[in-house]
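Student: Need the 3D shape of this:
(one chain, ligands or ions: 1)
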Amino acid sequence: MTSIIPASSKGLGNDKNASPDNGQIANTSKISERIRARFVAGGVSFLANDNISEYIQPGELQELEVEVADRVRELLQSLLIDIHNDHNTEETAERVARMYLNEVFKGRYQKQPKITSFPNVKQLDEIYTVGPITIRSACSHHFVPIMGNCWIGIKPGTRVIGLSKFARVADWVFSRPHIQEEAVMILADEIERLCEPQGLGIIVKAEHYCMKLRGVMEPQCTMVNSVVRGVFRHDSSLKQEFFELVRQQEAMLAT
Ligand SMILES: Nc1nc2c(ncn2[C@@H]2O[C@H](COP(=O)(O)OP(=O)(O)OP(=O)(O)O)[C@@H](O)[C@H]2O)c(=O)[nH]1
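Tutor: Model (predicted):
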């Protein structure tokens, strides 16, 4: 998507007389409708695994939490749960809304954590790997957990970022509804943008609860996938070195 009009743009979402036709909706409408109108007006993608924080104005997330809780309450009622007399589910709608917006899907609604990068003054060009980094996500299809680990390998370029930042950016990317293939590519795009490495490799190994808890019910089954970029993609010996370093890291952890 190319044309982007963020929430900070003049007038968006504030014009009470605006018609839905031009992508703006009166303030009397639901908050999700007002935010969605900005996406439509700007031709902006708002897929489940997109970050949309740029289009949310201060205070709107709290409003959205109230709206989501209302919808979850309706869902519970449609599931024929007596939320008025069941002491256990009395506040479930509010909890679920908080959980989606502030925890499990926070990577959609919150801005990227601050990631400082430094010049690679010593011109370090040896490969290093970081992992296992815990990943917590949910599949776009059933909204049940994807839990696993990822390993990141870097052959540095002109800038470096702190080690902890790989875990922070991974958590931000994975905290959205995903399919594993796309999650790894989105993480790779973000890391490339942050530190412009000469080479980048990412491996993810994860359990999909849509295959464990329900459906095919395969408790042992995991998915492993990887992405390699830059010199790791074009130089097979460097690619092998990356995979070997991760293998050694795993072996060290097992001892
Ligand atoms: N490729 C891919 N598939 C995934 C991922 N997470 C979940 N899935 C699969 O997405 C598929 C959705 O299939 P559907 O047939 O639309 O849904 P369903 O009827 O609930 O399928 P079953 O899970 O087989 O019961 C399932 O096969 C899931 O196992 C992922 O990260 N990548």
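
Student: CA atoms for contacts and neighbours, from now on please.
Tutor: Fine.

Student: Minimum distance to the ligand, which residue of the stretch 1-150 of the chain gives it?
Tutor: Nearest residue of the stretch 1-150 of the chain to the ligand: Cys139, at 5.0 Å (Cα to the nearest ligand atom).

Student: Tell me where the stretch 151-255 of the chain has strands.
Tutor: Assigned by DSSP state E, counting those that start in this stretch, the stretch 151-255 of the chain shows strands spanning 159-161, 177-178, 199-208, 222-230.

Student: so the third one versus strand 222-230, what angle?
Tutor: Looking back up the chat, that one is strand 199-208. Interaxial angle of strand 199-208 relative to strand 222-230 (axes from the mean of the first three to the mean of the last three Cα atoms, to 10 degrees): 170 degrees.

Student: What residues does the spatially most central residue of the chain make contact with?
Tutor: Nearest residue to the geometric centre of the chain (Cα atoms, centre = their mean): Val173, 3.0 Å. Going by Cα atoms under 8 Å, 6 or more residues apart in numbering, Val173 touches Gly107, Ala183, Ile186, Leu187.

Student: re the thing from before, for the strands of the stretch 151-255 of the chain, which one ends up most surrounded?
Tutor: The highest average neighbour count among the strands of the stretch 151-255 of the chain, using mean count of other Cα atoms under 10 Å, belongs to strand 177-178 at a mean of 24.

Student: so what secondary structure elements neighbour that one?
Tutor: Judged by 3 or more Cα pairs under 8 Å, 6 or more residues apart in numbering; DSSP states H and E, the packing partners of strand 177-178 are strand 128-139.

Student: rewinding a little: closest one to Leu75 among the strands of the stretch 151-255 of the chain?
Tutor: Leu75 sits nearest to strand 177-178 of all those, at 19.2 Å, using Cα to Cα.

Student: Might you specify the subset of the contacts of Val173 located within helices?
Tutor: Those of these mapping onto helices are Gly107, Ala183, Ile186, Leu187, per DSSP state H.

Student: host element of the residue of the chain most remote from its centre?
Tutor: If you look at how far each residue of the chain sits from its centre, by Cα atoms, centre = their mean, the farthest one is Asn85, at 36.3 Å. Assigned by DSSP states H and E, Asn85 falls within no helix or strand.

Student: Near the ligand, which residues of this structure are found?
Tutor: Taking Cα under 6 Å from any ligand atom, the part of the chain that reaches the ligand is made up of Cys139, His141, Ile179, Gln180, Glu181, Cys210, Met211, Gly215, Val216.
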